[in-house]
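**Student:** mind looking at a prediction? Sequence and model below.
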Amino acid sequence: MKTANVPQVGLLPFYLKLYDDILPEARHGFDGFVKRIAAGLEARGIGVQNAPICRIKDEFAGAVRQFEKNGADCIITLHLAYSPSMEAIEACCQTKLPIIILDTTMDSAFGLNVSPDKIMFNHGVHGVMDLASMLRRRRCPFEIIAGHDSDPSLMERAANLARAAFAARSMHGSHVLRIGDAFAGMGDFTVEEDVMAAKLGIQVRQIGIDKLDEAVRKVTDAAVATEVAADHRSFACELPSEAHERSVRVGLGLRHILEKGSYSAMSINFQVFGRSDRPANTMPFLEISKAMARGTGYAGEGDVLTAALVGALARAFGAVTFTEIFCADWAGGNLFLSHMGEISPSVATGIPRVIVKPFFVGGSLDPSVLTCAVKPGPAVFVNLTPGPDDTFSLIVAPVEVLAEDASIDPAMRDIVRTWVRPRRKVAEFLEAYSRAGGTHHSALVLGECAEAVAAFGRMLDVNVVEID
């Protein structure tokens, strides 16, 4: 059965009934191969639902129905031998589960010195061609990856595609909380709620800060003390206890609302925090950061669209944070990413710091914020942008997160910050990004997973723009 935040794949082995009729013992020669593929996925954090070997229409239909019933996020086909596409095509086209074709074989080598006995166990590739051709003809979308499973990158790609399917399924079930109105005048992320519901399955509920006041009043001193102690175990807390405790108190009130409403994402307009004489007396940046690490999406200024995106990606890929492109390093060829006080500790390298930061909105008390350097290495910059006629595009851009060194201005260590290098020149990247309609709110996903994030967009049935 389905486990929270663990992608589930239905592993569907393809075979030919004729072989059972004339060589009934041959099918057992594939048992180890099927187990090997399943184990490779499970080793990468993917749950596997195994179907019996399928040969004819009724078997394929029954297996797919079982995957649907058990909450699989996608189907991975495994072609043990040639299998006629017409036996499986109806089941594949009628399901809403994404289809991922795994084009691999039992043996990695098939050279001049191979025994002809090996043909039986390594000829599924032309069954792949048959199925893929028919899926295309029927306009049934699918993903495909080819190679041998002895190459770790093949199984990692398969696992990431399963995560993409999990993210797409999660996105369609997003229940997003907005506190306060969206920031007046910010148009790029603004979408009618009925359009988001119809096109992306996103449901939105808006509340006022008075509801947060009510939740904060119910937070006990003991709960605050327990959370502060947990923060000291996880982070380098470099702030007065009073500032820490008030941020934690407001944060726990927010957490209660999120948990009670089963929200998968949230967005807060910081402008609603304008008074110190109320329970919700500071912007809960610290809790927002911790919530992202738990898989709750976030975006600033009332942007529920990007919040849902961040949440879906975070639950699937783990190391994900909300971010914005703030500044262009034209000379260095890099982009500076930042925001007011929100970054997920899931992307941190080293131990994140918690500090108190002056709040430029008058009236509210200064908030606690989490800061950190982001783990250097490959990442993907992702943006979901509304388009004309109620359409959406997913912009996917592989980038490299740069390591911080001694040259960083010491004051920058108190700022939410990341420097990334796109694969194009900065000017070309920014031109392409704006031509695609990219908004100023985005997500950063750590890891070599651009292929999977693009697949996520296709599984959402939105236009995908890759800037590479």
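**Tutor:** Nice, thanks for sending it over. Remember, it's a predicted structure, so these values are computed and weren't measured experimentally.
**Student:** where does the prediction get shaky in the protein?
**Tutor:** Within the chain, the ranges that satisfy pLDDT under 70 run 1-4.
**Student:** what's the domain layout of this protein?
**Tutor:** The record assigns the chain these domain ranges, following automatic domain parsing: 8-172, 175-466.
**Student:** gap between residue 28 and residue 121?
**Tutor:** Applying CB to CB, to the nearest Å, the value for residue 28 to residue 121 is 11 Å. Heads up, the C-betas are built off the backbone N, CA and C, glycines and all.
**Student:** okay, the two: which has more neighbours?
**Tutor:** Remark: of residue 28 and residue 121, residue 121 carries more neighbours, 16 against 8, as counted by other CB atoms under 10 Å.
**Student:** which residues does that one contact?
**Tutor:** Contact analysis of residue 121 by CB atoms under 8 Å, 6 or more residues apart in numbering lists 29-30, 33, 80-81, 105-107.
**Student:** can you do 7 Å?
**Tutor:** 29-30, 106 (CB atoms under 7 Å, 6 or more residues apart in numbering).
**Student:** how about a markdown table for those, with neighbour count and distance to residue 168 added?
**Tutor:** Supplementary listing: the contacts of residue 121 in a markdown table, determined by neighbours: other CB atoms under 10 Å; distance: CB to CB, whole Å:
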| residue | neighbour count | distance to residue 168 |
| --- | --- | --- |
| 29 | 14 | 36 |
| 30 | 19 | 30 |
| 106 | 20 | 31 |
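**Student:** now, which of those sits nearest residue 149?
**Tutor:** residue 106 (9.3 Å; CB to CB).
**Student:** is it correct that the closest one falls within a strand?
**Tutor:** No - Residue 106: not assigned to a strand; according to DSSP: H, G, I helix; E, B strand; the rest coil it is coil.
**Student:** I'd say it and residue 32 touch.
**Tutor:** No - if you go by CB atoms under 7 Å, residue 106 and residue 32 don't touch, sitting 8.4 Å apart.
**Student:** what about the helices in the protein?
**Tutor:** Per DSSP state H, the chain carries helices over the ranges 17-22, 31-42, 57-69, 89-94, 125-137, 152-172, 193-200, 209-217, 221-234, 241-260, 285-293, 304-317, 426-435, 450-459.
**Student:** just name the most buried of these.
**Tutor:** helix 304-317 (a mean of 29; mean count of other CB atoms under 10 Å).
**Student:** and residue 414, how many neighbours does it have?
**Tutor:** 14.
**Student:** run a quick neighbour tally on residue 109.
**Tutor:** So residue 109, with other CB under 10 Å, has 10 neighbours.
**Student:** circling back: would you turn the contacts of residue 121 into a markdown table with distance to residue 386?
**Tutor:** A markdown table is the format used below for these (distance: CB to CB, whole Å):
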| residue | distance to residue 386 |
| --- | --- |
| 29 | 53 |
| 30 | 47 |
| 106 | 47 |
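**Student:** between these, which sits nearest residue 375?
**Tutor:** Nearest member of those to residue 375, counting by CB to CB, is residue 106, at 37.0 Å.
**Student:** understood, closing this out.
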